[in-house]
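Engineer: how would this look folded up:
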Amino acid sequence: MKLLIISILFSLAGPGFAYEDNVNPGINQNYQGTTFNEWVGIYENDGREVYSERHAVVKELQLKPGLDVADIGAGTGFYSFLFAKEVGPTGKVFAVDITKDFLTNINRIAKEQKLKNIHTILSNQKDTLLEPGSIDLAFVCATYHHFEYPKTTLATIHRALRPGGKLVIIDFRKQAGISSGWVMSHVRSDKHAVIKEIEATGFKYESESEILKSNYFLRFKKK
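Structural biologist: Here you go, the predicted model:
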């Protein structure tokens, strides 16, 4: 009976869910007990491409009113706030992160900006904790390389997406001789390995946008 229950739980979790070793132990230790104020100046810095080009990224996503979007690894929430304005009051934005103080401050800023469609979720290293069939788009920016259990986490994203839902991954380009030493040592996989890994968990690669230089911008669709 116990084996049957475990099997059912695995099947409900979606493609790619199975026992998985931690692929990058300790990569998220800096976020344990940290605060919003410690990171806001790092994340929201014009020297950081995903911040300086945030408006171009949002435009490329072509969000529409009424869409439900998950900002996975929301950090200080600068994308969540932009998304909330794009999807409007009939849409929802789920700001998902493993750091409680980030989410506390996202709620504070959302209230200050009168954005009532932002909902925060304190996730963990394996599960986004998004409800099944709750989103149209999963947005993962500068966070995929922080997934300690990528297959298991992707399975929870797959489960949360509605039929035909989209997944966007933005992360550092890792190219020997081109990328910085920090990227080469910090980022686990290059773009091609990421595509292969994601396609193995129930997604179909669709296209790549070239609007960024230091980061790739990949689009996938839930199969």
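Engineer: let me see the ranges of the helices in this structure.
Structural biologist: With DSSP state H applied, the chain shows helices at 2-13, 36-43, 49-52, 54-61, 78-87, 100-112, 150-160, 181-186, 191-199, listed in chain order.
Engineer: helices and strands of the protein: which one has the lowest mean pLDDT?
Structural biologist: Ranked by mean pLDDT, DSSP states H and E, the weakest helix or strand in the chain is helix 2-13, scoring a mean of 42.
Engineer: so how far is Phe78 from the residue nearest the centre of the chain?
Structural biologist: Closest to where the C-alpha atoms of the chain average out (CA atoms, centre = their mean) is Val140, at 2.4 Å. Separation of Val140 from Phe78 (CB to CB, to the nearest Å) stands at 15 Å. Where C-beta positions appear, they are placed from N, C-alpha and C, glycine not excepted.
Engineer: can you check Pro150 too?
Structural biologist: Pro150 is 24 Å from Phe78, by CB to CB.
Engineer: now do Asn124
Structural biologist: 23 Å.
Engineer: show me which of these two is the more surrounded one.
Structural biologist: Under the criterion of other CB atoms under 10 Å, the comparison of Asn124 against Phe78 puts Phe78 first, with 19 against 12.
Engineer: so who does the more buried one touch?
Structural biologist: Tyr43, Glu44, Tyr51, Arg54 (CB atoms under 8 Å, 6 or more residues apart in numbering).
Engineer: ok, now with 10 Å
Structural biologist: By CB atoms under 10 Å, 6 or more residues apart in numbering, Phe78 lies in contact with Val40, Tyr43, Glu44, Val50, Tyr51, Arg54, Asp71, Ile106, Ile109, Cys141.
Engineer: any idea of the pLDDT on the first one?
Structural biologist: Reported pLDDT at Val40 in the predicted model: 98.
Engineer: how many neighbours does the nearest residue to it once chain neighbours are set aside have?
Structural biologist: Among residues not flanking Val40 along the chain, Thr76 sits closest, at 4.9 Å (CB to CB, 6 or more residues apart in numbering). A count of nearby residues for Thr76, using other CB under 10 Å, gives 23.
Engineer: Thr76 contacts Gly41, correct?
Structural biologist: Yes: between Thr76 and Gly41 there is a contact at 9.4 Å, judged by CB atoms under 10 Å.
Engineer: and Ile169, how far from Pro65?
Structural biologist: Where Pro65 is concerned, Ile169 sits at a distance of 24 Å (CB to CB).
Engineer: so these two - more neighbours on which side?
Structural biologist: Between Ile169 and Pro65, Ile169 has the larger neighbour count (other CB under 10 Å), namely 27 against 10.
Engineer: check contacts around the more buried one.
Structural biologist: Going by CB under 10 Å, 6+ apart, the list of residues near Ile169 reads 72, 138-145, 154, 191, 194-195, 198, 203, 205, 208, 215-220.
Engineer: now the buried members of the residues you listed.
Structural biologist: 72, 138-145, 154, 191, 194-195, 198, 203, 205, 215-220 (16 or more other CB atoms under 10 Å).
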